[in-house]
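Chemist: My questions are about this predicted structure, shown below with the sequence.
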Amino acid sequence: MRRDCVLLGAAPLVLTACGGTAHRVSYVVTGERVPSAGLTRALRKTAGVPSVHVTIARRISFKSPFPVVSSNCTTTTHTTGDVDNVHHTARFDQPAAPVVVSGTTYYEKNGRQWTETPGAALLGRAFPLSSAGFGTFEPRFLKFVRPHRVTEIGSARIGGAPTTQYRTWIGGDEGVRQPVELWTDHSGRLRQARFAQSPDIVVTVRLSGFGEHLHIVPPKTAVPSTNKMSVKLYGSGKGKACK
């Protein structure tokens, strides 16, 4: 059985239509503590890439809060997008609501009509990674990320590229810190990031296609959004649906 899940909320906490609670993600750190300077350079280098392809996976786990009800839900939603850092434009293709970013304005398609939300993209500056939980991610804001207590845990291949895996706490412009796992390649670029947006939701962001030519144009016509912080999340999910 398949069912698309709708995510609603404001960073850094997201509620699902399924509701309920799930086991918390463990952040037990094992590995070798290393200086944060190398990871900081990688984040800043990634912030300056001309363009990049982005995939965002959100794994949602739910367990019924009622003892007499046996209901579990595990589903993963997917969003793909392309980001042009030179012109500060981006497009993220979500099955029900495509999003285009131009400067600091979000354009969201509802049916045949586009709506615009000026200033909404500034959420990415305050929460550079958490904004991925809302279906968008702009690497340019990584220059505001400051890693703390960096631990190297191993190596892995991400998208065919050898990477080094780190576990750290990061803070953005607002000083909010969250634990994350980051993978950087041998060219010193971020390839993958993983973090818990809430006890129920784990977000994985993967970057590829660095420097490809992109042509992203915002909609010619759009009406003002009625919700100033509107970024609705839709995704195609697979797994046991909530009942």
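Modeler: Looks like it came in fine.
Chemist: State whether Asp82 is indeed within a strand.
Modeler: Yes: counting by DSSP: H, G, I helix; E, B strand; the rest coil, Asp82 is part of a strand.
Chemist: Tell me what it is bridged to.
Modeler: His53, Arg91 (DSSP bridges).
Chemist: That one: what's it in contact with?
Modeler: Counting by C-beta atoms under 8 Å, 6 or more residues apart in numbering, Asp82 touches Ser51, Val52, His53, Val54, Ala90, Arg91, Gly209, Glu212, Leu214, Ile216. For every residue, glycine as well, the C-beta is placed using N, CA and C.
Chemist: Please, a PyMOL command that selects the buried ones among those?
Modeler: Selection of buried members from the contacts of Asp82 for PyMOL, criterion 16 or more other C-beta atoms under 10 Å:
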select buried, resi 51+52+53+54+90+91+214+216
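Chemist: Could you dump the contacts of Asp82 into CSV and include distance to Gly160?
Modeler: Output for the contacts of Asp82, formatted as CSV (distance: C-beta to C-beta, whole Å):
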residue, distance to Gly160
Ser51, 19
Val52, 16
His53, 14
Val54, 17
Ala90, 24
Arg91, 24
Gly209, 12
Glu212, 16
Leu214, 21
Ile216, 26
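Chemist: Identify, from the contacts of Asp82, the entry nearest to Val83.
Modeler: Of all these, Val83 sits closest to Ala90, with 4.3 Å by C-beta to C-beta.
Chemist: one step back: tabulate the contacts of Asp82 (JSON lines), appending distance to Thr136 and pLDDT.
Modeler: Formatted as JSON lines, the contacts of Asp82 follow (distance: C-beta to C-beta, whole Å; pLDDT from 0 to 100):
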{"residue": "Ser51", "distance to Thr136": "15", "pLDDT": "96"}
{"residue": "Val52", "distance to Thr136": "13", "pLDDT": "96"}
{"residue": "His53", "distance to Thr136": "14", "pLDDT": "97"}
{"residue": "Val54", "distance to Thr136": "8", "pLDDT": "95"}
{"residue": "Ala90", "distance to Thr136": "7", "pLDDT": "93"}
{"residue": "Arg91", "distance to Thr136": "10", "pLDDT": "94"}
{"residue": "Gly209", "distance to Thr136": "17", "pLDDT": "95"}
{"residue": "Glu212", "distance to Thr136": "19", "pLDDT": "94"}
{"residue": "Leu214", "distance to Thr136": "15", "pLDDT": "94"}
{"residue": "Ile216", "distance to Thr136": "13", "pLDDT": "95"}
